[in-house]
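**Q** no letters, just coordinates:
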């Protein structure tokens, strides 16, 4: 019944009344709250992922959430435990096996990912009664997020951000120049393990909203956009959070007013921002080369 | 009794088709996968696997043959990746951003397909994601086998210069090897084989078929051609093992059985050999590795 009401509503360009109308449904309020938490946490973690070039590891950890959720459903516990258990476990496996070889590492990560996804498929095949099928787990849903789920998201998010704030400076140092950092006595390897565990937790959080296949978008695209825009760490971190937040809330609004899935809107909005920044940079590059007068800030720089 | 059990599936046409298509696809994946691992492009393969899903769903949503979408999407994306990256080797961040968006697009097409077409098959998405090799028809199996054979032939044709360009790009370029063109060509072949593998094990799992046999082969031998052959051979054997296992245990989907076989073989290689010189110093072992391979090439 809620859904029928929601789809009957139309976008009116009057932002205040639109938001009032959307937020008259408790499930939408929860969705916006959860979206905000997830966007901030995954943006901050994703910023480090992009800086450390660990996209493949991040994608593998996010894919692993699928067997986690499917397995939890199969043995009859809440999917939340499955998400957290398997994401953190996969992060630990990658952390332990990391750095054993060069091309072997990527083959290993790929094999782990494919095998765990296959296991997820097996769980689904064994559990015949799964109502929505695997598509909800894979592509996410913003309907039916409960208030207690939001509380769990908030608690885990605060822990992740707090740990990240504690290790932020040495982690930044270790990410930018691992050798010099190791020389200065920074525990590079321990930091990398802690970071992967944080990545696992953040992924498990975000998977519950965006679906396991699209977490990766929320992590990587805003951070990649911000790092194209500016090289200053503090500023680009803030930009990342802002972009992820904007993409999530805009995506939620769009998904509310249309029949298409949330994941599509979030990824498309984020990617449009990325394309825009890339083309602006390319244009600037062309202008700089052809000798057209530069904008003042570039001359100053 | 056990022999009887193993021999009986061959009398079923669906199993024959699966075996025909599966063997050819596995051989192609093994060959392509070896180069993907050697060139450190496994992440590109990962991206391709997800792109193939969107391609297939788009084709279904607009009412075309699924394979048309598969091939168009994977080849277009490989060309895009090759054009974006320097020397036809794209950056991980760019790949990640592009393919996660394309995956989002896939979510859109799957909704479009299930809501707009009256004849929509609700499980089509699952079939594309996780494969349905036992459902492959005779015609499709023949086409898949022919395309896969073509991929194998192409890879074998460009194997020598590609190996050279992979191991020492600068020297290869100086010797007149068209490094950039090879990069493009190889990625295109990888795209085709990804589209092929989607029909067998599904878009989410084809990464295992590409990475696991190649990873195992590289652990077992340093000689490039031997590793190439081993990679293809292992892939085919794992495919057979998976097919027979899933026939014997009907509850187990074939895609899972194939992945389990591939993972088991890869895990076994960790027990058999190594860490001799390798784990001591990463840098040295890499150089030693390349030296051995180069000598193998020059011989």
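**A** Nice, I can see it. Fair warning: this is a prediction, and the values are worked out from it, not measured in the lab.

**Q** all helices for the stretch 51-200 of chain B, in order.
**A** B:66-84, B:92-116, B:124-130, B:138-167, B:169-174, B:179-201 (DSSP state H, counting those that start in this stretch).

**Q** and the longest one, average pLDDT?
**A** I take that to be helix B:138-167. Mean per-residue pLDDT for helix B:138-167: 89.

**Q** flag every buried residue along that helix.
**A** With burial defined by 16 or more other Cβ atoms under 10 Å in any protein chain shown, the residues of helix B:138-167 counted as buried are B:140-141, B:143-145, B:147-148, B:150-152, B:154-155, B:158-159, B:161-167. Bear in mind the C-beta positions are built from the backbone N, C-alpha and C, glycine included.

**Q** re the thing from before, lowest average pLDDT across the helices of the stretch 51-200 of chain B?
**A** Across the helices of the stretch 51-200 of chain B, helix B:124-130 gives the lowest mean pLDDT, at a mean of 75.

**Q** identify the residues contacting it?
**A** A:118, A:121, A:133-135, A:138, B:52-53, B:56-57, B:60, B:66, B:110, B:113-114, B:135, B:198, B:201-205, B:253, B:255 (Cβ atoms under 8 Å, 6 or more residues apart in numbering or on different chains).

**Q** the residue nearest to residue A:194 when sequence neighbours are not counted: what's it in contact with?
**A** Closest residue in space to residue A:194, ignoring its immediate chain neighbours: residue A:167 at 6.2 Å, by Cβ to Cβ, 6 or more residues apart in numbering or on different chains. Counting by Cβ under 8 Å, 6+ apart, residue A:167 makes contact with A:191, A:194, A:195.

**Q** my guess is the first one contacts residue A:170. True?
**A** Read that as residue A:191. Yes: contact criterion Cβ atoms under 8 Å: residue A:191 and residue A:170 qualify, at 6.1 Å.

**Q** out of the contacts of helix B:124-130, which are buried?
**A** Applying 16+ other Cβ under 10 Å to these flags A:118, A:121, A:134-135, A:138, B:52-53, B:56-57, B:60, B:66, B:110, B:113-114, B:198, B:201-205, B:253, B:255 as buried.

**Q** do I have it right that residue B:34 meets residue B:231?
**A** Yes: Residue B:34 is in contact with residue B:231 according to Cβ under 8 Å; the separation is 4.2 Å.

**Q** what touches both of those two?
**A** Common contacts of residue B:34 and residue B:231 (Cβ under 8 Å, 6+ apart): B:213, B:214, B:217, B:218.

**Q** next, the angle helix B:179-201 makes with the strand or helix carrying the second one.
**A** Using DSSP states H and E, residue B:214 falls within helix B:206-220. Per axes from the mean of the first three to the mean of the last three Cα atoms, to 10 degrees, the angle that helix B:206-220 makes with helix B:179-201 is 120 degrees.

**Q** centre of the chain versus helix B:206-220, how much separation?
**A** Distance, stretch centre to chain centre, for helix B:206-220: 9 Å (Cα atoms, centre = their mean, to the nearest Å).

**Q** chain A: helices as residue ranges?
**A** Per DSSP state H, chain A carries helices over the ranges A:2-8, A:15-22, A:26-52, A:55-75, A:79-97, A:103-126, A:134-139, A:147-176, A:178-183, A:188-210, A:215-229, A:233-256, A:262-290, A:296-300.

**Q** let's have these in a markdown table, adding distance to residue B:227 and mean pLDDT.
**A** Formatted as a markdown table, those follow (distance: least, Cβ to Cβ, whole Å; pLDDT from 0 to 100):
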| stretch | distance to residue B:227 | mean pLDDT |
| --- | --- | --- |
| helix A:2-8 | 55 | 45 |
| helix A:15-22 | 57 | 75 |
| helix A:26-52 | 30 | 88 |
| helix A:55-75 | 22 | 84 |
| helix A:79-97 | 21 | 83 |
| helix A:103-126 | 11 | 81 |
| helix A:134-139 | 34 | 71 |
| helix A:147-176 | 33 | 89 |
| helix A:178-183 | 30 | 84 |
| helix A:188-210 | 30 | 86 |
| helix A:215-229 | 31 | 88 |
| helix A:233-256 | 41 | 89 |
| helix A:262-290 | 37 | 84 |
| helix A:296-300 | 50 | 42 |
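
**Q** adding distance to residue B:95, write these out as a markdown table.
**A** Formatted as a markdown table, the helices of chain A follow (distance: least, Cβ to Cβ, whole Å):
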| stretch | distance to residue B:95 |
| --- | --- |
| helix A:2-8 | 36 |
| helix A:15-22 | 35 |
| helix A:26-52 | 12 |
| helix A:55-75 | 7 |
| helix A:79-97 | 18 |
| helix A:103-126 | 13 |
| helix A:134-139 | 20 |
| helix A:147-176 | 20 |
| helix A:178-183 | 23 |
| helix A:188-210 | 18 |
| helix A:215-229 | 10 |
| helix A:233-256 | 19 |
| helix A:262-290 | 13 |
| helix A:296-300 | 29 |
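
**Q** would you mind finding the most buried of those helices?
**A** Burial among the helices of chain A, expressed as mean neighbours by mean count of other Cβ atoms under 10 Å in any protein chain shown, is greatest for helix A:215-229, which shows a mean of 28.

**Q** distance from that helix to the middle of the chain?
**A** For helix A:215-229, the distance to the chain centre is 9 Å (Cα atoms, centre = their mean).

**Q** and that helix, anywhere near chain B?
**A** Yes: for helix A:215-229, a contact with chain B is found by Cβ under 8 Å from any Cβ of the partner chain, at A:216, A:217, A:220, A:221, A:224.

**Q** just give me the neighbour total for the closest residue to the third one other than its chain neighbours.
**A** To tie it back to what came earlier, the one meant is residue A:220. Nearest residue to residue A:220, sequence neighbours excluded (Cβ to Cβ, 6+ apart): residue B:96, at 4.4 Å. Using other Cβ atoms under 10 Å in any protein chain shown, residue B:96 has 28 neighbouring residues.

**Q** again, but for residue B:179
**A** There are 22 residues near residue B:179, going by other Cβ under 10 Å.

**Q** touching, it and residue B:167? I think so.
**A** No: counting by Cβ under 8 Å, residue B:179 does not reach residue B:167; the two are 11.5 Å apart.

**Q** which ones are touching residue A:176?
**A** Counted by Cβ under 8 Å, 6+ apart, residue A:176 has contacts residue A:51.

**Q** so how far is residue A:51 from it?
**A** 7 Å (Cβ to Cβ, to the nearest Å).

**Q** hang on, the earlier thing: so which of the helices of chain A gets nearest residue B:249?
**A** Ranking the helices of chain A by their distance to residue B:249 (criterion: Cβ to Cβ) puts helix A:103-126 first, at 10.8 Å.

**Q** angle of the helix holding residue B:214 against helix A:103-126?
**A** Going by the same axes, to 10 degrees, helix B:206-220 makes 140 degrees with helix A:103-126.

**Q** hmm, the residue nearest to residue A:220 is touching residue A:223, no?
**A** No: if you go by Cβ under 8 Å, residue B:96 and residue A:223 don't touch, sitting 9.8 Å apart.

**Q** residues near the residue lying closest to residue B:210 once chain neighbours are set aside, how many?
**A** Distances taken as Cβ to Cβ, 6+ apart place residue B:33 nearest to residue B:210, at 3.7 Å, with adjacent residues excluded. Using other Cβ under 10 Å, residue B:33 has 34 neighbouring residues.

**Q** helix or strand for residue B:33, which one?
**A** Using DSSP H and E, residue B:33 falls in helix B:13-38.

**Q** how about residue A:136, what does it touch?
**A** residue A:211.

**Q** any idea how far it lies from residue A:280?
**A** Residue A:136 is 37 Å from residue A:280, by Cβ to Cβ.

**Q** for residue A:48, same thing?
**A** Distance from residue A:48 to residue A:280, by Cβ to Cβ: 25 Å.

**Q** distance of residue A:39 from chain B?
**A** When distance is defined by Cβ to the nearest Cβ, to the nearest Å, residue A:39 is 15 Å away from chain B.

**Q** surely that residue and residue A:248 touch.
**A** Yes: counting by Cβ under 8 Å, residue A:248 is a contact partner of residue A:39 at 4.0 Å.
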